[in-house]
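>>> Got a sequence here, can you build the structure:
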Amino acid sequence: MHSGKSYNLSEFLIWTRRNIYITLIIGIVPVVLYQLAGLKWLAIPWTVVALLGTATAFIVGFKNTQTYNRTWEARQIWGAILNSSRAWGTMSRDFIPDKGKSKELIYRHFAWLTALRYAMRDSRAWETAGKAYNEEYKAYYSIPEKETSLEDELKKYLSENELKYILTTRNKAVQLLSLQSKATKQLFDDKQIEDYRFVEMQKAIKDFFDQQGRSERIKNFPYPRQFASINSFFIKLFCILLPFGMLKEFDKLNESLDGFMKGNMVWLVIPFSVLISWVYTSLEQVGESTENPFEGSANDVPISQMSRTIEIDMREMLGETDLPPALQPKNNIIL
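Next comes the predicted model:
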């Protein structure tokens, strides 16, 4: 997540420069052939390009709205996890007279958060964080889940036996919630909590299962590939045809000019076609960067920061003073 005022223009131009290079070549070739080689038949009616551009604008707008909704839903899910975690902290502290058991439940919750955020950072075939323009931007921020192993992180919160067991399971976050349920059942059987408190804690665990499931749905179900593909095809087709459609229009401008530019107006097709193409390809790139809100890109939902916030809040509930530091943005990017 970008936590600053905005991306600056130079960052944006560097991030999108590959598309600028490609559209520059696409713009130069037809102009040279038209102007220098005399291939006047290359010009196509502007109406065709304008209609295609309008259709492309609609589909780009549709995609960007949908991908934004995916990111916003992901943020809402993790906001709910943050709120429910704080409630879990107070229940664990206040419902259970044994402080050691309270701490065990809270620390196992940290382990669940850790296992879940590591699972969210796993890569999927459709994710785009590995594309060249995203990969090079990773030098400007850090991804906590790529800096330390899951095992090292879980060691902080689990007993040796639980850690050994959890590391053998497929869905570690699910099994940690299962252990939480088992632990609260044991507390009820030992008469350390009353039935209504037991029910409340089971409801909270069910709530965590729901939130994990919603988060996994966004992670494992991509933005429909047919919409993503047609969006990409339309933009490429539009950018290729755009300079051909502008040739005749700029050539007509020569009729009303005198001086140096008379006869040379066609050359302006190059910068203007690059400019318009850049707008379309940049919108496509921005939409793509918000499709997958957990992949480790600069526009992700900051689940590492939120997990650390939860940990600090819940440790303070336990009366601890040796707290981990809050995660800080690096170059205005925080994950």
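>>> Identify the spatial nearest neighbour of residue 286, chain neighbours not counted.
residue 64 (6.8 Å; C-beta to C-beta, 6 or more residues apart in numbering). All C-beta spots, glycine's among them, are computed from the backbone N, C-alpha and C.
>>> In contact with the nearest residue in space to residue 333 that is not next to it in sequence, which residues?
Nearest non-adjacent residue to residue 333, counting by C-beta to C-beta, 6+ apart: residue 141, 3.5 Å away. Residue 141 makes contact with 298, 329-331, 333-335 under the criterion C-beta atoms under 8 Å, 6 or more residues apart in numbering.
>>> Quick check: of the residues you listed, which has the highest neighbour count?
residue 335 (26 neighbours; other C-beta atoms under 10 Å).
>>> which residue packs closest to it, ignoring adjacent ones?
residue 304 (5.0 Å).
>>> try residue 79
Here the residue nearest residue 79, using C-beta to C-beta, 6+ apart, is residue 306, at 7.9 Å.
>>> Quick check: the one you found touching residue 83?
No - contact between residue 306 and residue 83 fails when scored by C-beta atoms under 8 Å: they sit 10.7 Å apart.
>>> more neighbours, those two?
residue 306 (21 against 13).
>>> So for that one, what's the pLDDT?
pLDDT recorded at residue 306 is 96.
>>> distance of it from residue 82?
6 Å (C-beta to C-beta, to the nearest Å).
>>> ditto for residue 272
Counting by C-beta to C-beta, the gap from residue 272 to residue 82 is 48 Å.
>>> cool, and residue 109?
Residue 109 is 12 Å from residue 82, by C-beta to C-beta.
>>> quick one, which of those two is more surrounded?
residue 109 (25 against 17).
>>> Which elements pack onto the host helix or strand of residue 164?
Here residue 164, judged by DSSP states H and E, is contained in helix 160-166. The contact analysis (3 or more C-beta pairs under 8 Å, 6 or more residues apart in numbering; DSSP states H and E) places helix 160-166 against helix 99-121, helix 150-155, helix 172-189.
>>> right, and residue 183 touches residue 104 too?
Yes - Residue 183 is in contact with residue 104 according to C-beta under 8 Å; the separation is 6.9 Å.
>>> that older thread, and the residue nearest to residue 286, what does it touch?
283, 286-287, 290.
>>> so what pLDDT did residue 133 get?
88.
>>> Just give the nearest non-adjacent residue to it, would you?
Using C-beta to C-beta, 6+ apart, the closest residue to residue 133 is residue 15 (5.6 Å).
>>> show me the contacts for the one you found.
Residue 15 touches 133, 137, 285, counting by C-beta under 8 Å, 6+ apart.
>>> Need the buried ones from the residues you listed selected in PyMOL.
To isolate in PyMOL the members of those that are buried, counting by 16 or more other C-beta atoms under 10 Å, one can use:
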select buried, resi 137+285
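>>> Which of the contacts of residue 15 sits closest to residue 229?
residue 285 (15.4 Å; C-beta to C-beta).
>>> re earlier: would you convert the contacts of residue 64 into CSV that also reports pLDDT?
Shown next, in CSV, are those (pLDDT from 0 to 100):
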residue, pLDDT
283, 94
286, 93
287, 93
290, 91
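>>> Dump those to a markdown table, plus distance to residue 190.
Shown next, in a markdown table, are these (distance: C-beta to C-beta, whole Å):
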| residue | distance to residue 190 |
| --- | --- |
| 283 | 60 |
| 286 | 55 |
| 287 | 54 |
| 290 | 48 |
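>>> Over stretch 110-118, what's the mean pLDDT, rounded is fine.
Stretch 110-118 comes out at a mean pLDDT of 97.
>>> So what's the gap between it and the chain middle?
Averaging C-alpha positions (C-alpha atoms, centre = their mean, to the nearest Å) puts stretch 110-118 18 Å from its chain's average.
>>> can I get the CA coordinates of stretch 268-288 in PDB?
Taking Å, rounded to 0.1, in the frame of the first residue of the first chain, the C-alpha atoms of stretch 268-288 are listed here in PDB:
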ATOM      1  CA  LEU A 268       3.200  14.700 -35.000                       C
ATOM      2  CA  VAL A 269       1.300  11.500 -35.200                       C
ATOM      3  CA  ILE A 270       4.200   9.900 -33.300                       C
ATOM      4  CA  PRO A 271       4.000  11.900 -30.000                       C
ATOM      5  CA  PHE A 272       0.200  12.100 -30.000                       C
ATOM      6  CA  SER A 273      -0.300   8.400 -30.700                       C
ATOM      7  CA  VAL A 274       2.300   7.500 -28.000                       C
ATOM      8  CA  LEU A 275       0.500   9.900 -25.500                       C
ATOM      9  CA  ILE A 276      -2.900   8.400 -26.100                       C
ATOM     10  CA  SER A 277      -1.600   4.800 -26.100                       C
ATOM     11  CA  TRP A 278       0.300   5.500 -22.800                       C
ATOM     12  CA  VAL A 279      -3.000   6.500 -21.200                       C
ATOM     13  CA  TYR A 280      -4.700   3.300 -22.200                       C
ATOM     14  CA  THR A 281      -1.800   1.000 -21.400                       C
ATOM     15  CA  SER A 282      -1.200   2.700 -18.000                       C
ATOM     16  CA  LEU A 283      -4.800   2.300 -17.100                       C
ATOM     17  CA  GLU A 284      -4.500  -1.400 -18.000                       C
ATOM     18  CA  GLN A 285      -1.300  -1.700 -15.900                       C
ATOM     19  CA  VAL A 286      -2.900   0.100 -12.900                       C
ATOM     20  CA  GLY A 287      -5.900  -2.200 -13.000                       C
ATOM     21  CA  GLU A 288      -3.700  -5.300 -13.300                       C
END
